[in-house]
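Novice: model this:
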Amino acid sequence: MSGVFNILVVGIGGQGVMTAADIIAHAAIAEGLDVKKTEVAGMAQRGGVVTSHVRIGKQVLSPAITPGEADIMLAFEPAEALRWVSHMRPGATVMVNSYPQSPPVVSIGLFDYPEAPEQQLRDSPVNVISFDAGQMAIELGDRRLVNSIMLGAIAPHLRLNETSLKQALLGRFQSKGERLLALNDQAYQAGHSAAEVAA
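Specialist: Model prediction:
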């Protein structure tokens, strides 16, 4: 890997934003790369917005991504993707779970949910890949599988060996039984396939 690769992970508390960032970081470490990571959680446990910056390379000096320099975004929620699109460099890839989930600041009336956030994203100078990971997780039997689905979707777009990312993900379930391990493996593969179709 030459230079530093900047990954922005965004979403709502409870969607697995920080877990996804941790898994990406562990995959990079397994490949001998330097990793810096930072998070901002606004009432994460209560469904507030959550953002994680992950920077990987041979040598990484700062954990924060400078606006306009993010190479890829993993967005668990479309409005959050739109909110952070200004951090992306032109031509960057934005992988979006199209299943909307309003944070509490919207439900209590402090902010309005943006109209057609995906269309606004597509009007930005980025490459948007969008699919309904939320519905896929429901069909697989567990809403929490969105995390594994989205990691499978983003895997080909990271400057990492896909095997490293999958091992970092499934390693979290090794001690939790074969059923959970198999289910997350299935979710990862489903996300991988869905992103290929959506691209």
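
Novice: residues contacting stretch 23-37, please?
Specialist: The contact list for stretch 23-37 (C-beta atoms under 8 Å, 6 or more residues apart in numbering) reads 1, 7, 9, 21-22, 52-63, 151, 158, 160-161, 164-165, 167-169, 171-172. Using the backbone N, CA and C atoms, a C-beta is placed for each residue, glycine as well.

Novice: now do the helices in this protein.
Specialist: 17-30, 78-84, 104-107, 117-122, 133-140, 146-154, 162-170, 178-198 (DSSP state H).

Novice: what about burial for the contacts of stretch 23-37, which qualify?
Specialist: Buried members of these, counted by 16 or more other C-beta atoms under 10 Å: 7, 9, 21-22, 52-57, 60, 151, 158, 160, 164-165, 168-169, 172.

Novice: ok, now which ones touch Val17?
Specialist: Neighbouring residues of Val17 by C-beta under 8 Å, 6+ apart: Val9, Val10, Gly11, Glu39, Ala44, Val50, Thr51, Ser52, Phe76.

Novice: go with 6 Å
Specialist: Val17 is in contact with Val9, Gly11, Val50, Ser52, Phe76, counting by C-beta atoms under 6 Å, 6 or more residues apart in numbering.

Novice: next one: Ser102
Specialist: Going by C-beta under 6 Å, 6+ apart, the list of residues near Ser102 reads Tyr113.

Novice: list the contacts of Thr51.
Specialist: Going by C-beta under 6 Å, 6+ apart, Thr51 touches Val10, Val40.

Novice: correct me, but Arg143 touches Gln135?
Specialist: No: contact between Arg143 and Gln135 fails when scored by C-beta atoms under 6 Å: they sit 10.0 Å apart.

Novice: which intervals of this structure have sub-threshold pLDDT?
Specialist: Within the chain, the stretches with pLDDT under 70 are 1-2, 41-49, 103-105, 107, 109-110.
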